[in-house]
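Participant: Predicted structure and sequence below. I'll ask about it afterward.
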4 protein chains.
Amino acid sequence: MSGNTLGLLFKVTTFGESHGPAIGAVVDGCPPGMHLSVEDIQPELDRRRPGTSRHVTQRQEKDQVEILSGVFEGITTGTPICLLIRNTDQRAKDYDNLSDTFRPGHADYTYWHKFGIRDPHGGGRSSARLTAPVVAAGAIAKKWLKEKFNTQIRGYLAQLADIAIPFDDWAHVSGNPFFAPNTTSMSALENKMDSLRKEGDSCGARIHVCASNLPVGLGSPLFDKLDADIAHAMMGINAVKGVEIGAGFASITQTGSVHGDELTPEGFASNHAGGILGGISTGQDITVAIAIKPTSSIRIPRRSIDKDGQAVMVTTQGRHDPCVGIRATPIAEAMLALVLMDHALRHRAQCADVHVTTPIIPARID
Amino acid sequence: MSGNTLGLLFKVTTFGESHGPAIGAVVDGCPPGMHLSVEDIQPELDRRRPGTSRHVTQRQEKDQVEILSGVFEGITTGTPICLLIRNTDQRAKDYDNLSDTFRPGHADYTYWHKFGIRDPHGGGRSSARLTAPVVAAGAIAKKWLKEKFNTQIRGYLAQLADIAIPFDDWAHVSGNPFFAPNTTSMSALENKMDSLRKEGDSCGARIHVCASNLPVGLGSPLFDKLDADIAHAMMGINAVKGVEIGAGFASITQTGSVHGDELTPEGFASNHAGGILGGISTGQDITVAIAIKPTSSIRIPRRSIDKDGQAVMVTTQGRHDPCVGIRATPIAEAMLALVLMDHALRHRAQCADVHVTTPIIPARID
Amino acid sequence: MSGNTLGLLFKVTTFGESHGPAIGAVVDGCPPGMHLSVEDIQPELDRRRPGTSRHVTQRQEKDQVEILSGVFEGITTGTPICLLIRNTDQRAKDYDNLSDTFRPGHADYTYWHKFGIRDPHGGGRSSARLTAPVVAAGAIAKKWLKEKFNTQIRGYLAQLADIAIPFDDWAHVSGNPFFAPNTTSMSALENKMDSLRKEGDSCGARIHVCASNLPVGLGSPLFDKLDADIAHAMMGINAVKGVEIGAGFASITQTGSVHGDELTPEGFASNHAGGILGGISTGQDITVAIAIKPTSSIRIPRRSIDKDGQAVMVTTQGRHDPCVGIRATPIAEAMLALVLMDHALRHRAQCADVHVTTPIIPARID
Amino acid sequence: MSGNTLGLLFKVTTFGESHGPAIGAVVDGCPPGMHLSVEDIQPELDRRRPGTSRHVTQRQEKDQVEILSGVFEGITTGTPICLLIRNTDQRAKDYDNLSDTFRPGHADYTYWHKFGIRDPHGGGRSSARLTAPVVAAGAIAKKWLKEKFNTQIRGYLAQLADIAIPFDDWAHVSGNPFFAPNTTSMSALENKMDSLRKEGDSCGARIHVCASNLPVGLGSPLFDKLDADIAHAMMGINAVKGVEIGAGFASITQTGSVHGDELTPEGFASNHAGGILGGISTGQDITVAIAIKPTSSIRIPRRSIDKDGQAVMVTTQGRHDPCVGIRATPIAEAMLALVLMDHALRHRAQCADVHVTTPIIPARID
């Protein structure tokens, strides 16, 4: 495909299929001298891991990561870091009856026509399982950004189906299986998921991701604007159908006198821009929202065709998430981290000698 | 910036500033043997050109394109095509009072801190004027896609501020200065624009773009998915704050049994996917929506700071579009064309030898 | 480093260190539908493998390759192919006394100053061991080129120290540990190597590589000329100090009336160009020569400095090749294969629709 | 071709044909804040310019460069710098008789088969005239490297045909039309050139290029080693058939005890490595040699074929350099500058935070 690498300087190349022997990533371009061990990466993988609540797929994968290279005596050397995750709970036979049909909403039809061959087991390469190496790589970027700029990258579930989930406090996010930022939405979310599971159907979700404490100046306009590269990364996550920066689609009905964030010596007066102007970070929070479509693997029978073009009915059994969005928060955080890290390196490559005396204003007036 | 090139194989590099001597693009990787002349490009530039109605900036730029290379006796040679557009109506002095302040909603603050220098005349590099070379390059991609696959790339204004603009017929789009797809919304749109102009304010817009007659198989997952690359291109257009593919954010509240497009021997039963599954084109229409923020250049005074960090009030005079979205349709079409063309070349590079006997189903049941 | 990927469309990313747990490569962009198994790759690794004669390092590495992804039921799927080689015979302690000194002719000093850290065991990332993943990846390219064009890529040792090795027949190359193309040079080569080993010194070598049966048209001038990309790949092999295409440095003393290869309907009359004109393949044999410097790891004491800048004497013990050039032939072949394959894909991306009626002339008049 | 861009961060994209309206380059990624004007670039172009002595082509081109973008009030802004050079002395009709034949040693045959079309006037895109934009871009890199590191990049003609040209002093290079580094070789060189011109034949040349005062640490192994990228750039110059770094092909007959440059606290004891170890600069002089083949355009009749594959005789009239190597020195310097600049930016992107207390030793013991 030759499209399996993300980033220009901090480059992540992933490999592997859902039911092959292993999946993984090669991270090239990591600055040398950073402490790095499995303990820095595993917690992020555990956040994304399946089988942790009744609301997600029951596939049991430990997602145990192994660092094969690029680290010497616990320190990054600046050489490629290979991260390997062995697949352990493959049940290929779950998919044998699907190998000749194209599941609606899946990549089966397109992979087949593009490549003339596909690995039908668990979606092969197109499986959401392939977000695990992204999360692993993202953990490295998160760590570096944290150590360098004190950048914090966090996300949460903002909506599930028609249930809006009000933001209360970041502290709540890790306390529930939904990455919800409050405690009051729990029963509604659980009921929704239980009912979907009973119906054999699925629903979509909205995730918000935010990066705080990022320096002003990241982004390479005109084409590699920071928001453009974020949109690229986010839309590349499985099942994502929409991306917003800052006010997003709501900016359509705003007037310029409302949308344009005023600057004062005490800070920006608002953040409709989502922390990016002209494709370059402002120093405010980078705010991103993504829309995740309902999982395509459902138990309700659907019309489709087989490889001969004949009509068939398809019902997906297997083990699936009724809402893939539930586990998407760590993935979106990882993607954001990868883009920001790449641009942090790109920025200092070109602009390391820039010094202006103009003061940098705070992210926000409070 | 080193981020001024779009595409891997069909590569477009733009250059120039709003008020410099010229702007332009170098298009590298165009297949040889295609008829190409100024007449193929100029009409697209004319669609984007300022000064064509009272609703857009009155800057008078002919946007006359010159082909400097890559074409011999009217045929592309496969070598880089340089497209040059001379700037003719610069009024640099309009901006002299702005050179020490940062206009809210503009790239002034970020360019200044990133580069330590900026060309304040008309926004310099960050000006929407720099979409002209993109439109010129897009015209080449459009032509090639049309000749190769009969692909048709079209867009329209779907919403202006709070005015939804129902789609009636493509034929209407060229008949009004808004790229609106009907005739009934005209007076509402004109009134809105007149009132904004009177108030010195601006508004946002929603643009829909669609590519029909595209083959199945374009896209390079996992990272360079077709939708990811489209999102990158679209979010890179000036003022864009959101991108949707297919059902977009509406997919959040859909169930899987509704969203997943069924396949039948007679065609796909719906197109919530927007013509892309697993990052690869399905052969259905590629449907994209973008949100464009309100123009930041408004006559209403706003708080800001100057280069010394002191509080100032900023009022933008100059000549500006009260809704930059009005002229965005040809730009979004061009960006879509560039991405599709690049992926058409990428696809045949890897998969030219793929042959499957499975029939390709029609884009849509009717 | 972010420089660990070779190729634009057929992309090879390597990872690993000499004495880490594993080395390997991710091959992205391989066309789908090709039969591929370990049996296609292992023989090439075995040709490069250490420990096969007394003239090379006695490190015992099986170099057993494992295919982790990208192949389904013995067929390439078009997704990334991860090739893993576990290190088995690490003797890290051989190098412990070297961790604070910089060996002359080695990358120790430069890695240390660039990265501020280095893995001293066996050279870490800079070890010639890292050519193994290249050879593995090259085997895939060789196979594809062979099946597609019947391309044959072969190399041989043309000179060892001051011993010129006349070309007799390709058949001899596999019959001796030197990759020498005759039988008559054997005793001179063996004596030379034995004497060097006794002295604890080393020598350089000259390798010739040749690709036959390549179509006319490969290469992307101006910068990515086929010869430019070959030079890049070859000079990137450990210890290579010079690259020639065709007549190479001998062309300096040729006249134009001698050098310029005449064309006749029966074929080219000579091949001083080495099969490349204007950066594009002519259809003749691609002929490349490389100069390999003497191994830097020698037992003769040499002056150097340590990390504090103090003078020290360095003697390399460990297990080393007295002439790294002896094992370089398969590496150079692999590098050539990778470049040609990448350009084969690039060519058809842009020029798949080109058809000229002009006959292609034979590679050579005989 | 999509191969017309050099560099990862400091990116140069060239365009244009020998006899089209203009040639030029877009330089993307230049750090902001550097003084830059036509006066910084024109002198380098003047060094390469044709028509300056009787020994080179008499085509009269002023090669007057125009800066179209990327510079504001004499300072680089960090945005793309477009450099335009209008062609003024085209004599297209000189080539009309060649449009149906393939000149031996030229790119005619390969361009024709690759692209199915070619601009025959003066070689079109494959003309050595296209080195002018490279020289212009290189002037920017030279200036930045000079200001940043005091790097000096210089070259000279080391051999013409069989005449070796001993190095005496850099001061001589600018004092003669050959870029010869002494005064004693003049009459031999002039006689050689006069005799070639009389015979209608041509000869090759050897150029040496050297970069002094470069910091230790530049280069991105494994694939983008500094020497690999230099080899790529050099072999991409028209007519180059060989590249050497440091001892080059002479290292074949050296022993390791001679070749490996010893380190002492007072400096390196020699520089056989040519300033690069493990693909990373050592801080010593980067020394490069290239072989340039004899010009293919000669007046002596040669066998060839036409587009129908029929045998023809070809004699090149037009205005040509009997030794294209004479004007190659500034081109090789420019190419070296471009590679070094790109790697200077790449290095600080990844390694800006590296600090070691180990002293950097001088380039050379004297």
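Facilitator: Structure received.
Participant: where in the stretch 201-350 of chain A is pLDDT low?
Facilitator: A:318-319 (pLDDT under 70).
Participant: would A:L84 count as being in a strand?
Facilitator: Yes. Counting by DSSP: H, G, I helix; E, B strand; the rest coil, A:L84 is found in a strand.
Participant: May I have the beta-bridge partners of it?
Facilitator: A:G24, A:E66 (DSSP bridges).
Participant: thought it was touching A:Q64?
Facilitator: No. Here A:L84 does not reach A:Q64: they are 9.3 Å apart, not a contact under Cβ atoms under 8 Å. Every residue, glycine included, has its C-beta placed from N, CA and C.
Participant: more crowded one of these two?
Facilitator: Legend: neighbour count by other Cβ atoms under 10 Å in any protein chain shown for A:L84 and A:Q64, higher for A:L84 (26 against 14).
Participant: Tell me how many other residues surround the residue in the stretch 1-150 of chain A that chain B sits nearest to.
Facilitator: Residue nearest to chain B within the stretch 1-150 of chain A (Cβ to the nearest Cβ): A:A107, separated by 2.3 Å. For A:A107, the neighbour count with other Cβ under 10 Å is 27.
Participant: Identify the residues contacting it.
Facilitator: A:123, A:126, B:221, B:277-280 (Cβ atoms under 8 Å, 6 or more residues apart in numbering or on different chains).
Participant: again, 10 Å this time
Facilitator: By Cβ atoms under 10 Å, 6 or more residues apart in numbering or on different chains, A:A107 lies in contact with A:114, A:118, A:123-127, A:238, A:296, B:219, B:221, B:225, B:276-280, B:282.
Participant: Can I get stretch A:43-62 in PDB, CA atoms only?
Facilitator: C-alpha atoms of stretch A:43-62 as PDB (Å, rounded to 0.1, in the frame of the first residue of the first chain):
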ATOM      1  CA  PRO A  43      -0.600   1.600  30.200                       C
ATOM      2  CA  GLU A  44      -1.800   3.300  27.100                       C
ATOM      3  CA  LEU A  45      -2.300  -0.100  25.400                       C
ATOM      4  CA  ASP A  46      -4.200  -1.200  28.400                       C
ATOM      5  CA  ARG A  47      -6.600   1.700  28.100                       C
ATOM      6  CA  ARG A  48      -7.400   0.600  24.500                       C
ATOM      7  CA  ARG A  49      -7.400  -3.100  25.200                       C
ATOM      8  CA  PRO A  50     -10.500  -5.200  24.400                       C
ATOM      9  CA  GLY A  51     -12.200  -7.400  26.900                       C
ATOM     10  CA  THR A  52     -12.100  -4.900  29.800                       C
ATOM     11  CA  SER A  53     -15.900  -4.400  30.300                       C
ATOM     12  CA  ARG A  54     -19.100  -6.100  29.000                       C
ATOM     13  CA  HIS A  55     -19.600  -3.200  26.600                       C
ATOM     14  CA  VAL A  56     -16.700  -4.000  24.300                       C
ATOM     15  CA  THR A  57     -15.500  -7.000  22.400                       C
ATOM     16  CA  GLN A  58     -14.700 -10.000  24.500                       C
ATOM     17  CA  ARG A  59     -11.700 -10.900  22.500                       C
ATOM     18  CA  GLN A  60      -8.900 -11.500  25.100                       C
ATOM     19  CA  GLU A  61      -5.700  -9.900  23.900                       C
ATOM     20  CA  LYS A  62      -3.100  -8.900  26.500                       C
END
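Participant: Check which residues of that stretch are buried.
Facilitator: A:44-45, A:47-50, A:55-57, A:59, A:61 (16 or more other Cβ atoms under 10 Å in any protein chain shown).
Participant: What mean pLDDT does that stretch get?
Facilitator: Per-residue pLDDT values over stretch A:43-62 give a mean of 82.
Participant: Of all the residues in stretch A:194-211, which ones are buried?
Facilitator: By neighbour count on 16+ other Cβ under 10 Å, the buried set for stretch A:194-211 is A:196-197, A:200-211.
Participant: how about a markdown table for those residues, with distance to A:E266 and secondary structure added?
Facilitator: Below are the buried residues of stretch A:194-211 laid out as a markdown table (distance: Cβ to Cβ, whole Å; DSSP: H, G, I helix; E, B strand; the rest coil):
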| residue | distance to A:E266 | secondary structure |
| --- | --- | --- |
| A:L196 | 47 | helix |
| A:R197 | 50 | helix |
| A:G200 | 54 | coil |
| A:D201 | 50 | coil |
| A:S202 | 47 | coil |
| A:C203 | 43 | strand |
| A:G204 | 40 | coil |
| A:A205 | 37 | strand |
| A:R206 | 32 | strand |
| A:I207 | 31 | strand |
| A:H208 | 26 | strand |
| A:V209 | 27 | strand |
| A:C210 | 21 | strand |
| A:A211 | 22 | strand |
